[in-house]
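**Student:** what shape does this take:
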Amino acid sequence: MNSPTSSEPIQVAAVPASASVPAPAGWWRRNVWWLLGTAVLGTWAIYAPYRDALDSYRQRHPSQPVAAGKNTWTQYEGARWRLVSAEALAPRDPRILGPLRKDAGVLLVRFEVIPDSGTKTATLDACRGSVADAKGRLWEANPSELPRLKGAKLPTTCGSGYDASFKQVLAVPGRPFAFQHAYLLPRGQTMEGLRARIELRNSETAKGRYLDFAL
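**Tutor:** Presented below is the predicted three-dimensional model:
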């Protein structure tokens with residue numbers, strides 16, 4: 001038998017396509033569940049601080065009104081509340097005993113609150129009062145520039161205070177407790193369109209809500 005010479009090409013048998021070795025899975029496919037888990041954890045790591053910061057901001061700056069009608073009781077934060085009266089004092093009203101700025105007027109707003117059983121006085125005393133107009137301007141209750149006022153002695157906080165005899169009075173569950181907020185507004189400001197607010201800032205249960213009364 002003749003042996004092949006060096007000039008004859010060597011024949012290599014073709015490997016069928018079905019017998020080829022499959023390519024290994026890519027990195028993305030091998031790590032798909034790890035990637036998904038990392039994405040979920042990363043999203044939560046971003047969202048959780050944002051949610052906590054938003055909740056904290058809402059506690060300090062309530063923005064969701066709870067509509068309350070005049071002379072009607074409205075449930076809010078462990079108590080029932082109502083606006084009793086609102087009165088704008090004339091610049092020369094004899095009840096204004098101290099100096100009053102020439103550009104300012106005094107507004108008195110009286111409320112009553114009936115605490116529910118178990119509601120603490122300290123919770124009610126954390127209230128903040130304010131008055132807003134249709135333009136969004138806001139005035140805080142009982143500012144330091146407010147002159148001394150004569151008349152019925154009512155607490156300026158929502159759960160405790162002192163009466164005309166300088167005797168301490170406390171809000172009692174099931175009984176109305178009267179208090180008053182006073183405001184310095186621009187002189188000539190009418191009560192039309194004004195709204196009084198009662199807020200319990202830093203309350204975790206208020207969830208950004210405040211009481212809103214039309215004057």
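
**Student:** right, and the helix or strand after the one helix or strand in the chain whose mean pLDDT sits lowest?
**Tutor:** Every helix and strand of the chain was ranked by mean pLDDT, DSSP states H and E. The lowest is helix 32-60, at a mean of 61. Using DSSP states H and E, the helix or strand that follows helix 32-60 towards the C-terminus is strand 64-68.

**Student:** contacts for the helix or strand following that next one, please.
**Tutor:** Sequence-wise, the next helix or strand downstream of strand 64-68 (DSSP H and E) is strand 74-75. Residues outside strand 74-75 that contact it (CB atoms under 8 Å, 6 or more residues apart in numbering): 66-68, 80-82, 211. Backbone N, C-alpha and C define where each C-beta goes, glycine included.

**Student:** now do the helices in the protein.
**Tutor:** Counting by DSSP state H, the chain has helices at residues 27-30, 32-60, 121-125.

**Student:** hang on, the earlier thing: now restrict the contacts of strand 74-75 to buried residues only.
**Tutor:** Buried by 16 or more other CB atoms under 10 Å: 66, 68, 80-82, 211, out of the contacts of strand 74-75.

**Student:** from the residues you listed, which is closest to Leu200?
**Tutor:** Within the buried ones among the contacts of strand 74-75, the smallest distance to Leu200 is 9.0 Å, found for Leu211 (CB to CB).

**Student:** picking up where we left off before, what is the nearest of the buried ones among the contacts of strand 74-75 to Gly174?
**Tutor:** Of all these, Arg80 has the smallest distance to Gly174: 10.0 Å, by CB to CB.

**Student:** roughly how far apart are the closest one and Thr72?
**Tutor:** In this view, Arg80 and Thr72 are 10 Å apart by CB to CB, to the nearest Å.

**Student:** which residues touch Gly105?
**Tutor:** 88-89, 91, 184-189.
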